[in-house]
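Colleague: sequence below, structure please.
(chains A and B)
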Amino acid sequence: MTLQDVFQSTLAILPLAVLVLWTTLLILVDLFIPSHRKWLTALLAALGMVVSLVLLLVGAGQEQAAFNGMVVVDGFAIFLQALFLISGLAAIALSYDYLIRMEIDRSEYYILLMFSIAGMMLMSMAADLIVVFLALELLSIPLYVLAGFARPRIGSEEAAMKYFLLGAFATGFVVYAVALVFGATTTTSLAGIVVAVDAGSANLTLLTVGAALLLVGLGFKVAAVPFHMWTPDVYEGSPSSVTAFMSVGAKAGGFAALLRVFVTAFPALSVDLTPILWVLSALTMILGNVVAISQRNIKRLLAYSSIAQAGYILMALVPYGQPQVSSNSVAAALFYLVAYAVTSFGAWSVVITLERAEGRGLDLENYAGLSRRYPLLAAAMTVFMLSFTGVPPTLGFVGKFYLFSTVIEGGFIGLALIGVFTSLVSAYYYLRVVVYMYMREGEPLATSGRWIYLTAGVAAVATVVLGIFSAPLFAWASQAVLQLF
Amino acid sequence: MNFLLQPLILVTFFPLVGVLVLLFLKPEQKTAARWVALTTSLVTFAISVAVLVQFNPADPALQMWVNIPWIQVAGWNISFSMGVDGLSILLLMLTTFLTPIAILSTWTAVEDRVKDFMVFFLLLEVGMVGVFLAQDLFLFYIFWEFTLVPMYFLIGIWGGPQRMYAAVKFFLYTMAGSILMLLAILWLGIYEGTFSVPALVAKGGIPADIQFWLFLAFAAAFAIKVPMWPLHSWLPDAHVEAPTAGSVILAGVLLKMGTYGFLRFNIPLFPQAAVQLAPWIAGLAVIGILYGAMVSYAQRDVKKLVAYSSVSHLGFVMLGLFALNSQGIQGGILQMVNHGLSTGALFLLVGMIYERRHTRDMDAFGGLWKVMPIYAVLTLIVALSSMGLPGLNGFVGEFTILLGAWDAGQAGGALTTYWFAALAAIGVILAAVYILFMFQKLFLGPVDKEENRSLRDINWREIAILVPLLVFIFWIGLYPDPFFRLMGPTVDKLVVAIQTAAVAMH
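Modeller: I've put the predicted structure just below:
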């Protein structure tokens, strides 16, 4: 690889390169920022992401591979990177006031956040299993630290520990999966795997086992049943702003890898893998939604809800072996990830507003009477709950509409039925939040924070407006996946 | 922005103007909120009258057609399309007519969070009008599901003691049906390539076995809404707990969305399945007629009695629609309007007495005729209309339905036996029993309860609410011709289409 190649490749991944460089410099710059001006760190972090986002959107052009085909910059990658960067901005907006209020405002927070986003961005570009692994570590390790950021609060430490142990365990699966795939095909490149399978030189049994193990490893990341056990505890224990980011970013990162690897490298294995994906998706939807019913803590409720949402997105992977369907279904998954991200950040911003020190303000009781004292906050939360349920005219409805349609197109009516009936179950617990806010009396206490309010407001408006005018976003998602096939 | 001035778009979305104004009011400005809502709904009614004037009854096709491309990417073919024809024009008018009446009825009944109440009420009107006008399945589904949200809040916030239970039950029950319809809609969109209702009807040719399943999926949504026996159990809860205005709209319009759905989607889209399943649906309808009437008779709560009577009345509508002939369907549509007027009026009357006595238990009343003569006379007229006395609206609808059902009972008719019509006719008698029983308990006999002696009769505002309803109760009863003429050509065209499909089956 000549210097020229390195230069060219770096240029191809310029948004990521700039973000990493910016973050590294920020570590140094932060040392010189006096402690009463730490808002500057947050601002610089946000600025770095904005710069990266601008570079990304300006440079969005045709497909190009870089670093000897280890990474590939295509529409899929650009779509997801934009999602990650905007999620990062939303996470900073949610965190700033919250960290000060919880007295855990240390500037490493933003730096860790940015490294994690860099990992996610890399994940979306990965064209080689080695890069998938690298990206997975880069996105996960900062999150382990962030989960424990509220130390010495015991819940936060427990969350970090649990997340780290199970995350490391999952990583082990991924490494083993990569090894098996390499053993089966003598390559780790996604394109190389297809070539080896087509040429008949691959050991298909070994490859299938490898793919299944990869599914296990990434299943941990996206919190699919039965690899979800860590989720409620980690979501509950972590600082809420971290949970908000984790529930969107880590999940989308995991799905970025799952979608790309399965669709580009493993279509030949779909006979064996589709039934497995079908069962995973069904179990995730059923368990997530049913267990959520009995939750009274809003963070745990949203944790189980996020498990359930992973099940819906997994539906998009089920028909991945049918080329004419799967381009639609991957587009539907991308669209749903956006819908999920917008709705989640909105819901978490309301949770953060009501949360008080030492984990108080998180019970459903604390939402009683919210509509009287904070009508706008209650209205926004209602929009998010309806969007999670999939009631029109919200983004969540359109997202489910596209997802279910691809499942039906793929001929999986049974899975679609499970999907809609679990949505019905979910209506019960999402509506319960609304019941508390509007139909019970209480004295809720919300703290003001303009960035948090802004996030909630923007998310609520986006949920409705993008729900009604979904065509441009869906067009972008459909366009983005074309190069995958 | 020209498309905003299309009459159908205007009539659907005008209430949003009122919502916007309401958002700028303070919660304390209760009277202002009421006036804004009333004015908005009256203007909406005026717009709908303009639609009616423009409407050409002789034309069976969809009129004032609006078609704006909406989601046309990646193979999707979804448009924002609206139209009105003989099947929907009367229901549109019923909706815009009942909404201001319902709002007026809340003038003193709703004191808490008036602004929020009015916002939800106007949002509900948008949803309801949209349901009757939408001609694209995606758009229809959005309006259909959207109506759940404001109604859920109306029941849950301003309802009776069990309101939260009733609101959630209402939401979950209705959603359970809708999601099956959603899958059927997706199936149509994917495999027929369009969501446009007229295009799907024109295209036809869905294989009979698939029609069967799609019919059932759509029917799940609509049958729960109607509600058809045995899916009715959400209705008494929702009605009893809902505030008066909510009950009026629930009975007057929301239930009609179910029957309208059968008429607009199930029958034209899946004619063969409709012919095949007609006797089954008619069977459930007749059970509903008799069951609703008998359970009504057993009630002590007046509101619950009226609620169960809806099950019975809507059974008549369903029987008429699935006679699948011109008389039956026309009678069915007219009966939808009749039920909206009579039952709407009954709920208003129950609400008025409830405001005075804070109870609806029949045993708490007696001899009200002497105390509240005007109220008693008006109630009598409405009650007689509801039980189908000749000369009032209910009779015309039920009689036409029974004629249609009898006709369909011949060999070769959709129902193949006279039993349906015969049993349904018993329902007319049972209606007289429970209605007159209620009237007797409330109004006749001595005034034997101390609390009832000082009840004041209804005031001018309350009379003004009821008079427009009474005008139509008499008008339809004495001279129903103009109403039939509005729907005739469209219904005839539909019947021809059904017959063609039936012939193709054999």
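Colleague: return the residues of the stretch 351-485 of chain A in contact with chain B.
Modeller: Within the stretch 351-485 of chain A, the positions adjacent to chain B are A:371-372, A:375, A:386, A:391-393, A:397, A:401, A:404-405, A:408-409, A:413, A:416-417, A:420-421, A:423-424, A:427-428, A:431-432, A:435, A:438-440, A:470-471, A:474-475, A:478 by C-beta under 8 Å from any C-beta of the partner chain. C-beta: built from backbone N, CA, C; applies to glycine.
Colleague: how far is stretch A:89-105 from where the chain is centred?
Modeller: Its chain's C-alpha centre and that of stretch A:89-105 lie 19 Å apart, by C-alpha atoms, centre = their mean, to the nearest Å.
Colleague: list the contacts of it.
Modeller: Applying C-beta atoms under 8 Å, 6 or more residues apart in numbering or on different chains, the contact partners of stretch A:89-105 are A:38-39, A:42, A:45-46, A:49-50, A:53, A:106, A:109-110, A:113, A:149-150, A:239-242, A:244-245, A:249, A:341, A:345, A:348-349, A:352, A:355, A:357, A:447, A:449-452, A:454-455, A:459.
Colleague: write the ChimeraX selection for whichever of the residues you listed are buried.
Modeller: To isolate in ChimeraX the members of the contacts of stretch A:89-105 that are buried, counting by 16 or more other C-beta atoms under 10 Å in any protein chain shown, one can use:
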select /A:38,42,45,46,49,53,109,110,113,149,150,239,240,241,242,244,245,249,341,345,348,349,352,355,449,451,452,455,459
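Colleague: out of the contacts of stretch A:89-105, which sit inside helices?
Modeller: Mapping the contacts of stretch A:89-105 onto helices (DSSP state H) picks out A:39, A:42, A:45-46, A:49-50, A:53, A:109-110, A:113, A:240-242, A:244-245, A:249, A:341, A:345, A:348-349, A:352, A:450-452, A:454-455, A:459.
Colleague: show me where chain B dips below the pLDDT cut-off.
Modeller: For chain B, the stretches with pLDDT under 70 are B:1-2, B:411, B:506.
Colleague: now the strands: where do they sit in it?
Modeller: All strands of chain B, identified by DSSP state E, fall at B:63-71, B:78-84.
Colleague: buried deepest among the ones you listed, which one?
Modeller: The highest mean neighbour count among those, using mean count of other C-beta atoms under 10 Å in any protein chain shown, belongs to strand B:78-84: a mean of 22.
Colleague: with distance to chain A as extra columns, can I get the strands of chain B in JSON lines?
Modeller: Output for those, formatted as JSON lines (distance: least, C-beta to the nearest C-beta, whole Å):
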{"stretch": "strand B:63-71", "distance to chain A": "4"}
{"stretch": "strand B:78-84", "distance to chain A": "8"}
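Colleague: distance to B:F316 added to the ones you listed, as JSON lines?
Modeller: Conversion of the strands of chain B to JSON lines gives the following (distance: least, C-beta to C-beta, whole Å):
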{"stretch": "strand B:63-71", "distance to B:F316": "28"}
{"stretch": "strand B:78-84", "distance to B:F316": "25"}
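Colleague: and of those strands, who's closest to B:T343?
Modeller: Each of the strands of chain B has some distance to B:T343 by C-beta to C-beta; the shortest is strand B:78-84, at 24.0 Å.
Colleague: what helices and strands are in contact with that closest one?
Modeller: Strand B:78-84 sits against helix B:7-23, strand B:63-71, helix B:114-133, helix B:137-146, with contacts defined as 3 or more C-beta pairs under 8 Å, 6 or more residues apart in numbering or on different chains; DSSP states H and E.
Colleague: which of those is buried the deepest?
Modeller: Ranked by mean neighbour count, those are led by helix B:114-133 with a mean of 26 (mean count of other C-beta under 10 Å).
Colleague: ok so, going back, just the buried members of the residues of the stretch 351-485 of chain A next to chain B?
Modeller: Using 16+ other C-beta under 10 Å, the buried ones in these are A:371-372, A:375, A:386, A:391-393, A:397, A:401, A:404-405, A:408-409, A:416-417, A:420-421, A:423-424, A:427-428, A:431-432, A:435, A:438-439, A:470-471, A:474-475, A:478.
Colleague: dump the residue contacts of the residue in the stretch 51-200 of chain A positioned nearest to chain B.
Modeller: Proximity of the stretch 51-200 of chain A to chain B (C-beta to the nearest C-beta) peaks at A:G75, 13.3 Å away. Going by C-beta under 8 Å, 6+ apart, A:G75 touches A:A60, A:E63, A:Q479, A:A480, A:V481, A:L482, A:Q483.
Colleague: return the member of the residues you listed nearest to B:I206.
Modeller: Nearest to B:I206 among these, counting by C-beta to C-beta, is A:V481 at 30.7 Å.
Colleague: quick one: that closest one is in a strand?
Modeller: No. Assignment of A:V481 by DSSP: H, G, I helix; E, B strand; the rest coil gives helix, placing it outside any strand.
Colleague: that one and A:L395, how far apart?
Modeller: As judged by C-beta to C-beta, to the nearest Å, A:V481 and A:L395 stand 19 Å apart.
Colleague: repeat for A:A257
Modeller: The gap separating A:A257 from A:L395 is 24 Å, by C-beta to C-beta.
Colleague: A:G449 too?
Modeller: A:G449 is 24 Å from A:L395, where distance means C-beta to C-beta.
Colleague: contacts for stretch A:178-189, please.
Modeller: Residues outside stretch A:178-189 that contact it (C-beta under 8 Å, 6+ apart): A:69-70, A:127-130, A:132-133, A:192-193, A:195-197, A:201-207, A:209-211, A:213-214.
Colleague: select only the buried ones of the residues you listed in ChimeraX?
Modeller: Buried members of the contacts of stretch A:178-189, defined by 16+ other C-beta under 10 Å, are picked up in ChimeraX with:
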select /A:70,127,128,129,132,133,192,193,196,197,202,203,207,209,210,211,213,214
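Colleague: report the closest residue of the stretch 151-300 of chain A relative to chain B.
Modeller: For the stretch 151-300 of chain A, C-beta to the nearest C-beta, closest residue to chain B: A:I293, 12.0 Å.
Colleague: and the pLDDT for the closest residue to that residue other than its chain neighbours?
Modeller: Closest residue in space to A:I293, ignoring its immediate chain neighbours: A:Y429 at 5.1 Å, by C-beta to C-beta, 6 or more residues apart in numbering or on different chains. If you check A:Y429, the pLDDT there is 93.
Colleague: A:Y429 - how many residues pack around it?
Modeller: A:Y429 sits with 23 neighbouring residues when counted by other C-beta atoms under 10 Å in any protein chain shown.
Colleague: now it: which helix or strand?
Modeller: Using DSSP states H and E, A:Y429 falls within helix A:413-439.
Colleague: same for that helix, what does it pack against?
Modeller: If you count contacts as 3+ C-beta pairs under 8 Å, 6+ apart, helix A:413-439 packs onto helix A:270-292, helix A:298-315, helix A:370-373, helix A:375-389, helix A:395-409, helix B:148-158, helix B:163-191.
Colleague: now those in a markdown table, with distance to A:S95?
Modeller: Output for the helices and strands packed on helix A:413-439, formatted as a markdown table (distance: least, C-beta to C-beta, whole Å):
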| stretch | distance to A:S95 |
| --- | --- |
| helix A:270-292 | 25 |
| helix A:298-315 | 16 |
| helix A:370-373 | 23 |
| helix A:375-389 | 19 |
| helix A:395-409 | 23 |
| helix B:148-158 | 32 |
| helix B:163-191 | 35 |
